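> fold the following for me, if possible:
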Amino acid sequence: MDIEIQPVTQPKARIQDESKLVFGRQFTDRMFVMEYDTGRGWHSARIQPYAPFTLDPAALVLHYAQEIFEGLKAFRRQDGSVALFRPADNIRRFNKSARRLCMPPVDEAFFLKALKELIRFESDWVPHSEGTSLYIRPTMIATEAVLGVKPSDKYLCYIILSPVGAYYKGGFKPVKIWISDHYIRSAPGGTGEVKCGGNYAASLRAAKEASEKGFDQVLWLDAVERKYVEEVGSMNICFLYDDKIVTSPLHGTILNGVTRRSILQLANEMGYTIEERAMSVDELLDGAESGRLKEAFGTGTAAVVSPVGQLTYKDRTVTIADGQMGALTMKLYKALTGIQYGTQPDPHSWIEKI
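Below you'll find the model as predicted:
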């Protein structure tokens with residue numbers, strides 16, 4: 001499939017002071033779009049000016065939430081070039097999400113080609129300041145206009161780009177976490193490992209209550225026993241426990257994070273044993289009080305790693321690493337961002353230059 005290139009006649013004004021960039025508020029001049037019809041497949045691929053879509057009020061995405069997305073970044077390297085971090089992994093997960101929601105998969109090689117071509121056109125939008133990047137959001141939505149619970153016969157797939165600032169503008173600040181024993185993020189057999197909007201919508205109530213209580217994020221427990229740790233906010237979570245890295249196993253209820261996978265590999269190469277096992281909330285809190293739990297951090301695209309300084313469960317509050325950034329957390333953050341920005345070698349071939 002060829003990609004039509006449409007001209008941009010009215011370029012947008014850009015934020016010149018990159019210290020004022022925030023996440024997901026400004027978007028580039030162009031986006032990639034293609035469409036799907038049952039019996040025809042994917043068609044009409046194009047790079048066009050960024051613009052609103054027109055959707056029928058009966059479009060299936062608006063009623064039954066048949067929608068998926070991804071999140072990855074492009075980085076400005078020290079030599080001025082632009083690079084992606086493990087983009088094929090994100091596209092592979094995009095297709096896994098699509099299959100779970102009965103949506104048509106994309107051709108992975110073509111989709112990566114289209115993504116790179118879009119970024120080539122928008123390369124001037126990739127910021128230069130330390131810690132900044134160009135956030136990439138591939139999305140697929142069901143567009144058939146019919147009120148019936150069924151897989152759509154029409155889809156729209158698009159990629160939009162947003163220059164984003166450094167996540168830690170004021171330095172690392174360990175977050176305070178509320179452990180919810182009432183709300184759940186996902187259940188076995190559900191869509192926990194899928195990157196779909198419904199998962200995030202279901203998390204908003206707990207996040208709102210956590211914020212009202214003075215916490216930064218929610219730590220989710222399993223849906224069956226409300227006992228075992230799963231994720232924190234929308235991030236995977238890891239613990240330095242007895243000098244081992246402990247993290248929740250991938251059994252369908254948590255996202256298979258690209259950052260998680262990369263961090264675990266780097267930690268293993270640093271000599272740490274990785275344990276993917278269920279950890280109960282009591283073991284977690286007891287470990288914090290006894291000193292066996294030395295560090296805790298979330299992993300995800302936006303923050304890379306997010307240190308946890310405090311946990312609260314019911315009427316019990318514990319502090320981790322004296323509420324400070326742990327040495328391993330910082331070491332892993334520097335190792336992964338060093339690869340992304342080109343200040344450290346990339347022995348795993350995770351980087352793809354544009």
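> tell me the secondary structure at Ile111.
Careful, residue 111 is Phe and not Ile. With DSSP: H, G, I helix; E, B strand; the rest coil as the basis, Phe111 sits in helix.
> any idea how far Lys12 is from the closest residue to it other than its chain neighbours?
Using Cβ to Cβ, 6 or more residues apart in numbering and skipping the chain neighbours, the partner closest in space to Phe111 is Ile91 (5.3 Å). Where C-beta positions appear, they are placed from N, C-alpha and C, glycine not excepted. Distance, Ile91 to Lys12, using Cβ to Cβ, to the nearest Å: 27 Å.
> higher neighbour count, these two?
Ile91 (22 against 13; other Cβ atoms under 10 Å).
> which ones are touching the more buried one?
The contact partners of Ile91, by Cβ atoms under 8 Å, 6 or more residues apart in numbering, come to 70, 106, 108, 111-112, 115, 138.
> make it 10 Å
Contact analysis of Ile91 by Cβ atoms under 10 Å, 6 or more residues apart in numbering lists 70, 72, 105-112, 115, 138.
> what is the mean pLDDT for stretch 59-77?
Stretch 59-77 comes out with an average pLDDT of 98.
> ranges for the helices of the stretch 101-250 of the chain?
108-121, 197-212 (DSSP state H, counting those that start in this stretch).
> dump the longest one to PDB, restricted to CA.
It stands for helix 197-212. Extracted C-alpha coordinates of helix 197-212, given in PDB (Å, rounded to 0.1, in the frame of the first residue of the first chain):
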ATOM      1  CA  GLY A 197      -9.400   3.000  26.700                       C
ATOM      2  CA  GLY A 198     -11.900   1.100  28.800                       C
ATOM      3  CA  ASN A 199      -9.100   0.000  31.200                       C
ATOM      4  CA  TYR A 200      -8.200   3.600  31.800                       C
ATOM      5  CA  ALA A 201     -11.800   4.800  32.200                       C
ATOM      6  CA  ALA A 202     -12.400   2.200  34.900                       C
ATOM      7  CA  SER A 203      -9.300   3.500  36.800                       C
ATOM      8  CA  LEU A 204     -10.500   7.100  37.100                       C
ATOM      9  CA  ARG A 205     -12.700   6.800  40.200                       C
ATOM     10  CA  ALA A 206     -10.000   5.200  42.300                       C
ATOM     11  CA  ALA A 207      -7.400   7.700  41.100                       C
ATOM     12  CA  LYS A 208      -9.800  10.600  42.000                       C
ATOM     13  CA  GLU A 209     -10.300   9.200  45.500                       C
ATOM     14  CA  ALA A 210      -6.600   8.700  45.900                       C
ATOM     15  CA  SER A 211      -5.900  12.300  44.900                       C
ATOM     16  CA  GLU A 212      -8.600  13.500  47.300                       C
END
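> that helix packs against which elements?
Helix 197-212 sits against strand 67-69, strand 175-179, strand 217-221, with contacts defined as 3 or more Cβ pairs under 10 Å, 6 or more residues apart in numbering; DSSP states H and E.
> would you mind pulling the contact partners of it?
So helix 197-212 is in contact with 61, 64-69, 101, 139, 141, 176-180, 182-186, 190-193, 215-220, 231, 233-234, 255, 312, going by Cβ under 10 Å, 6+ apart.
> and Glu4, its phi and psi?
Per-residue torsions, Glu4: phi -70, psi 140 (degrees, to the nearest 10).
> wait, Met270 touches Lys334, no?
No. Look at Met270 against Lys334 with Cβ atoms under 10 Å: they stay out of range, at 11.7 Å.
> which one of the helices and strands packed on helix 197-212 lies nearest to Arg260?
strand 217-221 (14.9 Å; Cβ to Cβ).
> quick one: mean pLDDT over that closest one.
Taken as a whole, strand 217-221 has a mean pLDDT of 96.
> given that strand, what are its sheet partners and their directions?
Next to strand 217-221 in the sheet, as set by DSSP bridges, lie strand 175-179 (parallel), strand 229-232 (antiparallel).
> buried deepest among those, which one?
strand 229-232 (a mean of 25; mean count of other Cβ atoms under 10 Å).
> any idea of the mean pLDDT for that strand?
Per-residue scores along strand 229-232 average to 96.
> what's the answer for stretch 183-199, then?
Across stretch 183-199, pLDDT averages out at 96.
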